[in-house]
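Peer 1: 3D, please:
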Amino acid sequence: MHHGLPRQAPGSDASTRHLLSLCGPLPERPRVLDLGCGPGRSALLLAAEAGADGAVVTAVDLHAPFLDELRTAAAAGGLADRVRTVEADMGALTGEDFEDGSFDLVWAEGSAYVLGFDAALARWKRLLAPGGTLVLTECQWSVPEPSAGARAFWDPHYALRTTAGNLAAAQAAGYRVLGLHHLPDSDWAEYYGPLAERVRARSGAGSRAMAAALAATREELDVRARHGHEYGYTGYVLRPVSAGDGEAWPARPETAADTAAVRAVNLAAFETPLEADLVDALRTDGAWLPGLSYVAEAPDGSVAAHALLTRCEVGGAPALALAPVATDPALQRSGAGSSVVRALLAAARESGESLVLVLGHPEYYPRFGFVPASHFGIRAPFEVPDEAMMALVLDDSVPVPAGTIAYPAPFGV
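Peer 2: Take a look at the predicted model:
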């Protein structure tokens with residue numbers, strides 16, 4: 001059914017290039033592992049364009065005919081010396097070719113579902129060299145409440161989550177998020193267009209097994225036509241948390257002995273004393289939650305950064321407000337701020353909290369898994385750019401409330 005088709009999942013060269021751009025600088029000739037490569041459309045592009053001089057790509061798939069197609073295409077494109085095919089199970093890679101830290105970039109477009117998102121994150125992490133990047137695409141719900149028709153198709157096949165759920169899983173697995181890319185409808189057309197033509201060409205012919213495959217594919221195409229607005233593919237660009245991301249800055253709950261140092265850090269980090277005064281006011285407010293004010297320590301034991309979570313509400317349901325987050329100006333961009341935020345969010349998750357809200361820089365907070373709060377129907381009680389008001393779901397088993405955020409009184413809003 002799928003032999004000779006250009007793709008085995010939604011995607012496009014444009015999306016592959018965009019995901020590659022989100023990885024940041026790569027070695028001049030990076031070592032790339034393409035898992036579940038299929039006929040190798042992504043592998044060929046990566047071999048030609050990843051790194052200043054192209055990449056050396058190890059392409060893994062269990063289906064030998066796909067690997068045959070890839071080798072033929074690589075030879076035709078003058079890339080035979082850059083693409084090596086391996087017939088193997090991408091969930092059980094062993095041997096000297098797949099030792100820990102062997103690859104600068106691990107790539108998996110449309111294949112992680114075979115293992116499951118969480119299992120893929122766990123099993124493939126060891127393959128990354130220090131500073132390496134994992135890129136994978138995952139099908140997920142794009143609406144908060146999918147219809148019964150959409151669920152009737154997907155639930156028996158694969159348990160889709162939302163972007164927030166997958167981001168939370170990535171963070172829990174020890175990754176930071178470098179970027180996200182929601183694949184456009186045209187990427188689905190690149191996959192389903194040729195597949196639909198194949199179905200029409202094969203109709204009425206073949207074995208009983210082929211008839212069953214045709215029926216299943218027609219159902220899949222029909223569900224996409226009727227419910228495609230409810231689900232889609234998203235690309236995740238992830239990097240394991242390392243010392244440069246904050247492990248060099250141990251974080252812990254603040255103690256009474258830290259009060260003055262916390263105020264000093266907030267005074268130094270901001271142009272006015274408003275944030276420092278806010279922390280002091282929240283200490284005596286009912287919104288204060290013991291154990292959810294964290295500091296990161298500098299090597300000399302002083303307070304390098306501070307982050308605070310206090311109780312707020314969304315539509316009457318409990319949530320947490322992340323504010324303020326402050327780093328000693330002399331230590332900014334050192335990883336101290338990231339360390340204290342990650343530790344604080346982990347503490348909130350462990351204490352049973354399910355939702356965190358932050359008003360902040362849209363290029364900083366997504367690394368922790370935050371997405372625009374408007375995705376969930378959550379809005380601020382004041383005018384604010386949509387991308388700056390963000391939410392992080394810590395427990396996607398709890399329904400996400402919609403409505404206006406009610407901040408504690410010390411916020412003055």
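
Peer 1: C-alpha only now, for contacts and for neighbours.
Peer 2: Will do.

Peer 1: Report all helices and strands that whichever strand or helix holds T58 contacts.
Peer 2: Per DSSP states H and E: T58 is located in strand 56-61. Under the contact criterion of 3 or more Cα pairs under 8 Å, 6 or more residues apart in numbering; DSSP states H and E, strand 56-61 touches strand 31-35, helix 41-49, strand 83-87.

Peer 1: and that strand, how far out from the chain's middle?
Peer 2: Strand 56-61 has its C-alpha centroid displaced from the chain centroid by 23 Å (Cα atoms, centre = their mean, to the nearest Å).

Peer 1: Quick one: residues in contact with the very next helix or strand once past that strand.
Peer 2: Sequence-wise, the next helix or strand beyond strand 56-61 is helix 64-76, with elements assigned using DSSP H and E. Helix 64-76 is contacted from outside by 3-4, 38-41, 44, 61, 80, 83, 85-87, using Cα atoms under 8 Å, 6 or more residues apart in numbering.

Peer 1: list the buried ones in helix 64-76?
Peer 2: By 16 or more other Cα atoms under 10 Å, the buried positions in helix 64-76 come out as A64, F66, L67, E69, L70, R71, A73, A74.

Peer 1: now do stretch 359-372
Peer 2: Using 16+ other Cα under 10 Å as the test for burial, stretch 359-372 gives L359, G360, P362, Y365, P366, R367, F368, G369, F370, V371, P372.

Peer 1: could you dump those residues to JSON lines with distance to A152?
Peer 2: Output for these, formatted as JSON lines (distance: Cα to Cα, whole Å):
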{"residue": "L359", "distance to A152": "37"}
{"residue": "G360", "distance to A152": "38"}
{"residue": "P362", "distance to A152": "36"}
{"residue": "Y365", "distance to A152": "35"}
{"residue": "P366", "distance to A152": "32"}
{"residue": "R367", "distance to A152": "33"}
{"residue": "F368", "distance to A152": "32"}
{"residue": "G369", "distance to A152": "29"}
{"residue": "F370", "distance to A152": "29"}
{"residue": "V371", "distance to A152": "27"}
{"residue": "P372", "distance to A152": "28"}
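
Peer 1: Among those, name the ones in helices.
Peer 2: Among those, none falls in helices (DSSP state H).

Peer 1: just those: which has the poorest pLDDT?
Peer 2: Minimum pLDDT for the buried residues of stretch 359-372 is recorded at R367 (81).

Peer 1: Next up, the contacts around that one.
Peer 2: Each residue near R367 by Cα under 8 Å, 6+ apart is listed here: R176, V177, L178, G179.

Peer 1: Heading C-terminal from the one helix or strand the third one maps to, find the next helix or strand.
Peer 2: Secondary-structure assignment from DSSP H and E places L178 in strand 175-182. With elements assigned by DSSP H and E, the helix or strand that comes after strand 175-182 is helix 185-202.

Peer 1: how about that following helix: buried residues?
Peer 2: For helix 185-202, by 16+ other Cα under 10 Å, it's D187, W188, E190, Y191, Y192, L195, A196, R198, V199.

Peer 1: Helix or strand next in line after that helix, which one?
Peer 2: Where DSSP H and E defines the elements, the next helix or strand beyond helix 185-202 is helix 208-227.

Peer 1: and the angle for that next one with helix 185-202?
Peer 2: Put simply, helix 208-227 runs at 150 degrees to helix 185-202, going by axes from the mean of the first three to the mean of the last three Cα atoms, to 10 degrees.

Peer 1: A319 in helix, strand or coil?
Peer 2: Assigned with DSSP: H, G, I helix; E, B strand; the rest coil, A319 falls in the strand class.

Peer 1: Pretty sure it sits against S354.
Peer 2: Yes. With contact defined as Cα atoms under 8 Å, A319 reaches S354; the gap is 7.1 Å.

Peer 1: ok, back up a step: just the closest of the buried residues of helix 185-202 to D258, please.
Peer 2: Closest to D258 out of those is D187 (52.2 Å), distances taken as Cα to Cα.

Peer 1: Just give the nearest non-adjacent residue to that closest one, would you?
Peer 2: Using Cα to Cα, 6 or more residues apart in numbering and skipping the chain neighbours, the partner closest in space to D187 is G11 (4.5 Å).

Peer 1: Give me the neighbour count for that neighbour.
Peer 2: The tally of other residues near G11 (other Cα atoms under 10 Å) stands at 26.

Peer 1: Pretty sure it sits in a helix.
Peer 2: No. Per three-state DSSP, G11 lies outside any helix segment and is coil.

Peer 1: In contact with it, which residues?
Peer 2: With contacts defined as Cα under 8 Å, 6+ apart, G11 is in contact with E109, L183, D187, W188, E190, Y191.

Peer 1: Out of those, which is nearest to P399?
Peer 2: Nearest to P399 out of the contacts of G11 is L183 (Cα to Cα; 25.5 Å).

Peer 1: Go ahead and confirm the closest one touches G232.
Peer 2: Yes. Counting by Cα under 8 Å, L183 does reach G232; the two are 7.1 Å apart.

Peer 1: Which of A319 and S354 has more residues huddled nearby?
Peer 2: A319 (25 against 20).
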